[in-house]
Structure formats: C-alpha cells, structure tokens
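Q: kindly return the folded structure for what I paste below:
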Amino acid sequence: MRTSAFLERELSQRQVALFYLLATSLYVLPLILADFPYIDDNWRSLAAGNAWAGQGRLFADWFYQALTFTGAAPNIFPLPLLLASVAMSLALTRLAFHYFTEPRLASCLVALPLWYNPFLLQNLSYQYDGAVMALSMVAVIYAITFDGSSRVQRWLVSAVLLALAVGLYQISLNVFLGLCGVELIRAIHHRLPRADIWRMLGAKLAQLGLAMLIYSVTAYPFMDSRRAELLDGSARPLLQIGINLGRVLEKTGLLLHGGYAWVFGVLVLCALVGVTCVRPPRKSGFCALLVVLTLLVLVLLVPGMTLLFRDFNEGARTLMGFGVLLLALFYLAYLALAAGHRRLPLLLVIPLLATLSLSFAYGRVLAMQKTFASSALYSLGHDIAERPGLRAAKRIYLSVTYSDRWLVGAAGSFERLPVLHYLLNVDYYMLAENLPAMGITNVVAERERRNATRVGYRGYPPLVDSLYYRIYLIGDYGFIVMKEPPHGRWLQW
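A: Below is the predicted model:
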C-alpha cells in the first residue's frame with residue numbers, strides 16, 4: 001500500500017530534484033569509473049589549453065577559466081561532469097514542473113530522455129567538452145521554461161540563456177528548436193486558442209533572433225571562418241543534405257538491434273496512439289496537421305543544423321536532437337498510457353532502463369579501450385627508454401595507423417550492440433600526446449614531417465619490431481610506425 005501511494009502521490013520540488021539527481025548521476029557513473037581521456041582530451045590535457053573560442057564556443061573558455069581559477073584549462077575531471085549532472089537535475093526538475101503542474105513519479109520520466117539520450121554518451125565521454133555540452137542543454141531548458149513578469153523580461157532573459165547555450169556548444173540550438181516543437185504539441189493538447197499558439201511561436205522566434213544577435217557580437221567574432229562555411233550552390237546542397245540525412249539514419253539505425261528494436265518500436269506505437277489523445281480544438285484540422293508536421297520536424301532536428309555545413313560531422317555527439325525526439329515520444333506515449341490507467345505511464349521506465357544498460361555497456365568498452373591503449377603505451381615507453389639512441393634522438397615521428405579491429409575484447413559487445421562501436425568512435429590507440437605521460441618528450445606527430453616520414457625509414461631494418469609497432473632509427477631521428485592488426489577470423493565482428 002505504501003509503495004502504491006508513493007507511485008501515485010504528487011511529489012514536492014525537492015523530491016523531484018533528488019530523483020533527477022540520482023538518475024543523472026547513475027547515467028554518467030560508468031564514464032567516471034572508466035576515466036578514459038577521449039580524443040581531444042589528450043592534447044587539451046597536455047597543453048592545459050582552451051582553444052574553444054576559435055570554434056565559436058567562447059563561453060566554454062570562460063567556464064574553465066572560472067572553474068580552475070587559471071587562464072587555461074588544467075584537467076579537473078570528473079568535477080565538471082559532476083557539476084553538470086547537478087545542474088541538469090535542477091533543469092529537468094524545472095522542466096517537469098513546466099510540463100506537469102502536479103508531477104508524479106511517472107510524469108518525471110517524461111523529461112528524462114533529454115539526458116538518457118543514447119547518443120549523448122559520446123558527448124559525455126569528453127572529459128573537457130562533455131560538461132560544457134551538458135551545460136549548454138541546461139541553458140536551453142532554462143531558456144524554454146523561463147517565465148518572467150513582463151514580455152520584455154521573458155524575451156531578454158531567454159535570449160541571453162540561449163546565446164549562452166550556443167556559445168557553449170552550437171548544436172544545442174537543435175535542442176531549443178526541438179523543445180519549441182514539444183511546446184507546440186502541448187499547446188494544442190491543452191486546447192489553447194490559435195491566436196495564443198501563434199503568439200507563443202512568435203515569442204520563441206523573437207527569442208531566437210535576439211539570441212543570435214547576442215551571439216554574433218560576443219562569441220561569433222572569435223570563430224575560425226572555415227568552421228562556419230555552409231553548403232554552396234555548386235555543391236547541389238539539396239542532394240548533399242539528402243545524403244547526409246541518409247547517413248544519420250544509417251547511424252541511428254545501429255541502435256535498433258535485438259531487444260532495443262522491440263522496446264523503441266513499442267514506444268513509437270504508444271506515441272502514435274498518443275497523437276489521437278492530443279485533441280485539437282473542434283473543427284480545426286489545421287492543428288491536427290500541425291502536430292504531424294511537428295513530429296516530422298523533430299526527426300529532421302536530430303542532426304538539425306549540421307546538415308547545412310560543408311564539413312558535415314556524422315558523429316554521435318552531433319545528435320543531441322535525438323533526446324528531444326525521445327522526449328516528444330515519451331510525452332505522447334504518456335498521454336496514451338495515462339488514458340488507459342493512471343499507473344500505466346510507469347512502463348516508460350523500460351526504455352530508460354534499456355538506455356541505462358547501454359550506458360554501462362559503453363562504460364565497459366571504454367575501460368577495455370583504456371586497458372589496451374595503456375598496455376601499448378607502456379610497451380612503447382619501455383622500448384624507447386631502454387635504448388639510448390632513441391632517448392637521445394632529436395625527434396621521433398609517430399605515424400598513426402587507423403583501424404577499428406584492435407579492440408578484440410569488445411568484439412562480442414560490438415556484435416550484439418553495434419551502436420557501441422559508433423559511440424566509441426576511436427580507431428587508434430596511440431597518439432604522440434600520450435608519450436609525455438611516460439616522461440618521453442621527443443615524440444611528435446607525423447604531420448610535422450608529413451611525407452618525409454614514410455620515405456625516411458624506407459629500406460632500413462627496424463630497431464624494434466613489436467606486436468603493435470616498428471621503430472626505426474636513422475641518425476638523430478626516429479620513426480614509429482603503428483602496425484595494422486593481424487587479419488584473422490578471431491578479430492572479426
């Protein structure tokens with residue numbers, strides 16, 4: 001009886017915040033335990049450098065300067081991610097009370113997909129950028145939910161929050177537009193007059209325009225011009241957008257394997273039933289059409305603005321809009337399930353548990369990658385330290401070989417959950433930036449010598465020939481050539 005009463009009773013703001021704090025912390029726990037420096041983290045840790053301003057993310061520079069009390073960005077992981085999790089729990093609490101005046105445990109599940117977005121795991125993998133990208137979503141949520149006493153206050157504060165979000169990570173703009181779509185569905189469900197709906201959309205458009213103006217005079221002037229290049233007419237932009245969208249659909253389809261396909265399939269079916277529960281005003285076919293069009297727009301906003309840029313990035317970290325699509329599906333499924341029985345919306349916990357399970361599986365893959373990379377690093381560091389010629393070399397050039405077949409320990413996981421390989425997105429295990437951790441400072445990346453590296457050691461016997469690499473020494477210069485993994489059936493997945 002006590003359990004039943006707890007599931008059905010209205011929760012206080014403190015209880016909702018504690019629920020979200022537990023849920024958000026549990027989702028990032030595997031990443032914290034893995035403690036794996038992910039891609040850009042290697043050079044950022046080495047230089048303790050910011051370099052976000054050139055990417056149009058000036059406020060990320062300011063965030064780390066304020067958090068570390070320095071003018072740079074020394075690695076203080078996992079503190080930023082922990083702070084971001086707390087901030088997200090407060091933002092989700094605000095969103096829950098925005099969607100439901102009397103939130104219960106089941107209704108709290110509706111907002112959680114913003115954080116339990118499977119593709120957000122790649123964003124959160126970055127020890128530096130993960131917290132910044134999460135905070136950009138927090139700023140978007142507060143921009144959506146802010147309700148000031150006057151129209152000017154609502155526009156100005158929301159615009160500043162949205163400009164802050166874009167200045168932390170531009171892709172969060174997709175999240176804002178997606179949440180505006182959810183607001184539209186809610187407005188139709190609550191039978192707001194058409195004039196109020198248009199007024200709401202106009203206000204969101206004004207906030208967006210003002211936010212872009214603020215961003216253009218703060219963070220945008222520091223951006224490298226090449227990062228802002230859009231598709232041009234000569235490149236057949238519509239065709240390229242279609243190709244890019246097809247690649248995104250292919251990548252998101254990696255999630256739909258095994259039980260995950262059934263779970264998300266049932267979720268979509270419940271959401272479709274929920275569309276019939278969004279009852280537009282009488283004699284208004286326009287509103288019904290608007291709901292369907294909004295759902296289609298939410299699908300396009302999964303990659304969103306990235307489709308328009310010349311340098312299209314198909315990485316999972318650009319799919320923040322997938323969380324908003326999940327939220328919309330959860331909201332519609334909630335309406336459908338609640339119409340059947342007041343406890344049925346608790347079934348929404350099943351897809352959330354599926355995503356949480358994926359998070360822990362991904363954390364184990366990161367741990368395997370870290371173990372393998374550390375083993376190769378120790379081996380290379382030992383080989384260099386044990387040979388006086390290599391220790392005394394003026395430069396040792398590292399030639400990176402990219403291959404996704406080295407991580408044999410995760411082959412079974414990759415086969416059962418193909419999306420894990422897409423989330424990992426690491427097809428190397430050694431970078432020049434890793435060697436200073438072993439006290440070796442004369443190893444540099446091949447790009448500093450380019451083609452001369454491959455010519456320089458040709459015809460000479462290797463000084464070291466290990467499982468992972470060959471090391472050549474010619475005069476005062478060394479060359480590290482990473483090997484391709486052996487080709488064998490036991491390495492395939």
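
Q: how about low-confidence regions in the chain?
A: Within the chain, the segments meeting pLDDT under 70 span 1-7, 48, 225-235, 279-288, 447-458, 487-493.

Q: where along it do the strands fall?
A: According to DSSP state E, the chain carries its strands in the segments 395-399, 443-445, 464-465, 469-474, 477-482.

Q: buried set for the lengthiest helix in the chain?
A: Longest helix in the chain by number of residues, with DSSP state H as the criterion: helix 349-385. Applying a neighbour-count criterion of 16 or more other CB atoms under 10 Å, one finds 351-352, 354-356, 358-359, 361-370, 372-373, 376-377, 379-381, 383-384 buried in helix 349-385. C-betas here are computed from N, CA, C, even on glycine.

Q: repeat that for stretch 398-413.
A: Buried-residue list, stretch 398-413, by 16+ other CB under 10 Å: 398, 399, 400, 401, 406, 407, 408, 410, 413.

Q: in helices only, show me those.
A: Taking DSSP H, the ones among those that sit in helices are residue 413.

Q: which of the buried residues of stretch 398-413 sits closest to residue 467?
A: residue 406 (10.2 Å; CB to CB).

Q: so that closest one makes contact with residue 369?
A: No. With contact taken as CB atoms under 8 Å, residue 406 and residue 369 are classed as non-touching, separated by 9.1 Å.

Q: okay, now the domains of this structure?
A: If you go by automatic domain parsing, the domain ranges for the chain are 2-342, 370-491.

Q: any idea which of those is most buried?
A: A comparison of the domains of the chain by mean neighbour count, using mean count of other CB atoms under 10 Å, puts domain 2-342 on top with a mean of 18.

Q: what separates it from the chain centre, distance-wise?
A: Offset of domain 2-342 from its chain centre (CA atoms, centre = their mean, to the nearest Å): 10 Å.

Q: equivalent analysis for stretch 418-437, please.
A: Taking CA atoms, centre = their mean, one finds stretch 418-437 lying 16 Å from the centre of the chain it belongs to.

Q: torsion angles phi and psi at residue 310?
A: Taking degrees, to the nearest 10, you get phi -60, psi -40 for the backbone angles of residue 310.

Q: from residue 250, how far off is it?
A: For residue 310, the distance to residue 250 equals 20 Å [CB to CB, to the nearest Å].

Q: again with residue 469
A: Separation of residue 469 from residue 250 (CB to CB): 33 Å.

Q: endpoint to endpoint, stretch 415-425 covers what distance?
A: 15 Å (CA to CA, to the nearest Å).

Q: with stretch 31-51 instead?
A: By CA to CA, the extent of stretch 31-51 from end to end equals 24 Å.

Q: what sits against residue 29?
A: By CB atoms under 8 Å, 6 or more residues apart in numbering, residue 29 lies in contact with residue 363.

Q: actually residue 270, not the one I typed
A: 329, 332, 333, 336, 337.

Q: and which of these is nearest residue 31?
A: Residue 31 lies nearest to residue 329 out of these, by CB to CB, at 24.9 Å.

Q: next one: the closest residue to residue 435 other than its chain neighbours from residue 166, what distance?
A: Once flanking residues are discounted, residue 435 sits nearest to residue 443: 4.4 Å by CB to CB, 6 or more residues apart in numbering. Residue 443 is 38 Å from residue 166, where distance means CB to CB.

Q: check residue 189 too.
A: For residue 189 relative to residue 166 (CB to CB), the value is 29 Å.

Q: same question for residue 266.
A: Taking CB to CB, one finds residue 266 at 35 Å from residue 166.

Q: for residue 337, same thing?
A: Going from residue 337 to residue 166 by CB to CB gives 35 Å.

Q: joint contacts of residue 406 and residue 369?
A: Common neighbours of residue 406 and residue 369, using CB under 8 Å, 6+ apart, are residue 429.

Q: helices of the stretch 101-250 of the chain, start to end?
A: Secondary structure of the stretch 101-250 of the chain by DSSP state H, counting those that start in this stretch: the helices cover 105-108, 120-125, 129-145, 151-168, 172-189, 194-218, 237-252.

Q: between those, which one is closest to residue 421.
A: Of all the helices of the stretch 101-250 of the chain, helix 237-252 sits nearest to residue 421, with 10.6 Å by CB to CB.

Q: only C-alpha atoms, please: export the closest one in PDB.
A: Presented in PDB, the C-alpha positions along helix 237-252 are these (Å, rounded to 0.1, in the frame of the first residue of the first chain):
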ATOM      1  CA  PRO A 237      23.000  21.400 -51.400                       C
ATOM      2  CA  LEU A 238      19.700  19.600 -51.500                       C
ATOM      3  CA  LEU A 239      21.400  16.400 -52.800                       C
ATOM      4  CA  GLN A 240      24.100  16.700 -50.200                       C
ATOM      5  CA  ILE A 241      21.600  17.300 -47.400                       C
ATOM      6  CA  GLY A 242      19.700  14.200 -48.500                       C
ATOM      7  CA  ILE A 243      23.000  12.200 -48.500                       C
ATOM      8  CA  ASN A 244      23.900  13.500 -45.000                       C
ATOM      9  CA  LEU A 245      20.400  12.700 -43.700                       C
ATOM     10  CA  GLY A 246      20.700   9.200 -45.100                       C
ATOM     11  CA  ARG A 247      24.000   8.700 -43.200                       C
ATOM     12  CA  VAL A 248      22.400   9.900 -40.000                       C
ATOM     13  CA  LEU A 249      19.500   7.400 -40.400                       C
ATOM     14  CA  GLU A 250      22.000   4.700 -41.000                       C
ATOM     15  CA  LYS A 251      23.900   5.500 -37.800                       C
ATOM     16  CA  THR A 252      20.800   5.900 -35.600                       C
END
